[in-house]
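Peer 1: model the structure of this input:
(chains A and B)
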There are 2 protein chains.
Amino acid sequence: MHAIDLSVYLVLDPELCGGFQGMIDTALAAAQNRATVVQLRAPKWKKRALAECARELKARLAPLHVPLIINDHADVCAAVNADGLHIGQNDLTPADARAVIGGKRLLGLSVSNAKELEAVDVNLVDHLGIGPIYNTATKTDAAPQLGIEGFASLALRKPCPVVAIGSVKAAMAADLINAGADGLAVVSAICGQSDPGFATRELAKAVSEAKAAKAKFSCSSQIS
Amino acid sequence: MHAIDLSVYLVLDPELCGGFQGMIDTALAAAQNRATVVQLRAPKWKKRALAECARELKARLAPLHVPLIINDHADVCAAVNADGLHIGQNDLTPADARAVIGGKRLLGLSVSNAKELEAVDVNLVDHLGIGPIYNTATKTDAAPQLGIEGFASLALRKPCPVVAIGSVKAAMAADLINAGADGLAVVSAICGQSDPGFATRELAKAVSEAKAAKAKFSCSSQIS
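Peer 2: Residues are numbered from 1 along each chain as shown, chains lettered A, B, ... in the order given. Predicted structure coming up:
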């Protein structure tokens, strides 16, 4: 298992960011303002452009020690030497994905219900994206929304670290962290915002405050 | 470089074949009737289904010694242990694709003009698909049609074996083989035909007759 800080997990969107250069700029602004992970997701793009964008992101993010995750395409992940791959339930199986990317990269998996959660093999998968918390326009093929309570009931049984995803905003940080999230994955809370760096700092602040409050509460509980 | 018989190269189409089982049935009928290569191409499919279909095809085709080529997805190719990968100019670069699939699998590349042909690196690429000979409904993002003469002018300078592709029919076999094709790649000449096995035999017959006539002519030329 590979440990990374999932606190502020940015998923890039080419439309919201304004194309190739917009994604680079957004990723850089976020990484310089406490984003802890960046995922490249461009389902409509051909692989030549995707690999080119991924290489540019990797070169920019590596000096900032922010891992780059590639959505869906294990071949692009391996070719550009990205830090990890994120797959959904209709993408390669975790076993197939792991065979292609090797044992050292991160493998994340999207989970939307209890059945999918129970099937998770932590020998293959490093972390989960649980969602959608709420319906979202940036992923039209998403499962029904879980809400905070639905997320909490899944996160309670998490076999590995999880991020909450799906219309997630800074204002939900306390609820989601308390419900078991190790971080917040966002698209439109950063991509397309007038100041993506500021938006990222606000998210990071909300997550770290929520984690501090939870740790304090947990500590008090243990003492009492 | 890997040598295979490119004579009758079937490219499966999920719509024309009628989905998953239709592609299996069409591939099997073709392979039992002198098809020499089968390519799985389903650009709208997610990878879970693609890999499942590829594994089934591989299991059916291997006993018939017909190689299975995967279109575009190097990760699926590697995961299911297919015999090769076929890429276009907007897919992974040949170098990236080769890095993912390794040195032992076949790598084919689509080429549509002289510039793309000149850029071919035969240290990476095993064979080419040159086309489209004529415009086709099965590939909407294809380059302008070459016609037989346009194909001939490219095939004349081929650095490795080539198949002609794009609305290719058995009746064009003599012209295309004479123009330098090592085989004919077809979609709708087999997929969706009332008798795909019969259609494949007709193609195989046309190609082998064209190759025999060319060899004879070439031999006579050398003697005279």
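Peer 1: could you use CA atoms for every contact and neighbour count after this?
Peer 2: Fine.
Peer 1: can you tell me the SS state at residue A:63?
Peer 2: helix (DSSP: H, G, I helix; E, B strand; the rest coil).
Peer 1: run a quick neighbour tally on it.
Peer 2: Residue A:63: 9 surrounding residues under other C-alpha atoms under 10 Å in any protein chain shown.
Peer 1: get me the contact residues on chain A for chain B.
Peer 2: Within reach of chain B by C-alpha under 8 Å from any C-alpha of the partner chain, chain A has these residues: A:46-49, A:51, A:73-76, A:78-79, A:89-93, A:96-97, A:99-100.
Peer 1: what is the neighbour count of residue A:196?
Peer 2: Residue A:196 has 22 nearby residues by other C-alpha under 10 Å.
Peer 1: just give the nearest non-adjacent residue to it, would you?
Peer 2: Closest residue to residue A:196 apart from its sequence neighbours, by C-alpha to C-alpha, 6 or more residues apart in numbering or on different chains: residue A:190 at 5.0 Å.
Peer 1: about what we covered before: any of the residues of chain A next to chain B buried? List them.
Peer 2: Buried members of the residues of chain A next to chain B, scored by 16 or more other C-alpha atoms under 10 Å in any protein chain shown, are A:47-48, A:51, A:73-76, A:78-79, A:91-93, A:96-97, A:100.
Peer 1: neighbouring contacts of the helix or strand where residue A:85 lies?
Peer 2: Element membership of residue A:85, judged by DSSP states H and E, is strand A:84-87. If you take C-alpha atoms under 8 Å, 6 or more residues apart in numbering or on different chains as the criterion, strand A:84-87 is touched by A:39, A:67-74, A:77, A:94, A:101, A:105-110.
Peer 1: now swap in stretch A:60-68 and tell me
Peer 2: By C-alpha under 8 Å, 6+ apart, stretch A:60-68 touches A:27-28, A:31-32, A:35-40, A:57-58, A:82-84.
Peer 1: for the residues you listed, which two are the farthest from each other?
Peer 2: Pairwise distances across those (C-alpha to C-alpha) peak at 20.0 Å, for the pair A:32 and A:84.
Peer 1: what's the average pLDDT for stretch A:127-141?
Peer 2: What stretch A:127-141 shows for mean pLDDT is 89.
Peer 1: and that stretch, how far out from the chain middle?
Peer 2: Distance of stretch A:127-141 from the chain centroid (C-alpha atoms, centre = their mean, to the nearest Å) equals 10 Å.
Peer 1: alpha carbons only: can I get that stretch in CSV?
Peer 2: Provided in CSV are the C-alpha atoms of stretch A:127-141 (Å, rounded to 0.1, in the frame of the first residue of the first chain):
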residue,chain,number,x,y,z
HIS,A,127,-7.3,4.4,-2.1
LEU,A,128,-10.9,4.9,-3.1
GLY,A,129,-13.0,7.7,-4.5
ILE,A,130,-16.5,7.4,-2.9
GLY,A,131,-19.3,9.3,-4.5
PRO,A,132,-21.1,11.0,-5.9
ILE,A,133,-21.9,12.9,-2.8
TYR,A,134,-24.2,15.1,-4.9
ASN,A,135,-25.0,14.9,-8.6
THR,A,136,-22.7,16.8,-10.9
ALA,A,137,-22.6,18.2,-14.4
THR,A,138,-18.9,17.2,-14.8
LYS,A,139,-19.6,13.5,-14.8
THR,A,140,-22.8,12.6,-16.7
ASP,A,141,-22.5,8.8,-16.2
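Peer 1: helices along chain A, start to end?
Peer 2: A:14-17, A:19-31, A:47-61, A:74-79, A:94-101, A:114-118, A:147-155, A:173-178, A:196-223 (DSSP state H).
Peer 1: looking at those helices, which is buried most?
Peer 2: Each of those was scored by mean neighbour count; the highest is helix A:74-79, a mean of 26, by mean count of other C-alpha atoms under 10 Å in any protein chain shown.
Peer 1: packing partners of that one?
Peer 2: helix A:47-61, strand A:68-71, strand A:84-87, helix A:94-101, helix B:74-79, helix B:94-101 (3 or more C-alpha pairs under 8 Å, 6 or more residues apart in numbering or on different chains; DSSP states H and E).
Peer 1: how about the nearest residue to residue A:162, chain neighbours excluded?
Peer 2: residue A:128 (4.6 Å).
Peer 1: tell me, how many residues neighbour the one you found?
Peer 2: So residue A:128, with other C-alpha under 10 Å, has 29 neighbours.
Peer 1: who's in contact with residue A:75?
Peer 2: So residue A:75 contacts A:100, A:101, B:73, B:74, B:75, B:97, B:100 (C-alpha under 8 Å, 6+ apart).
Peer 1: understood, closing this out.
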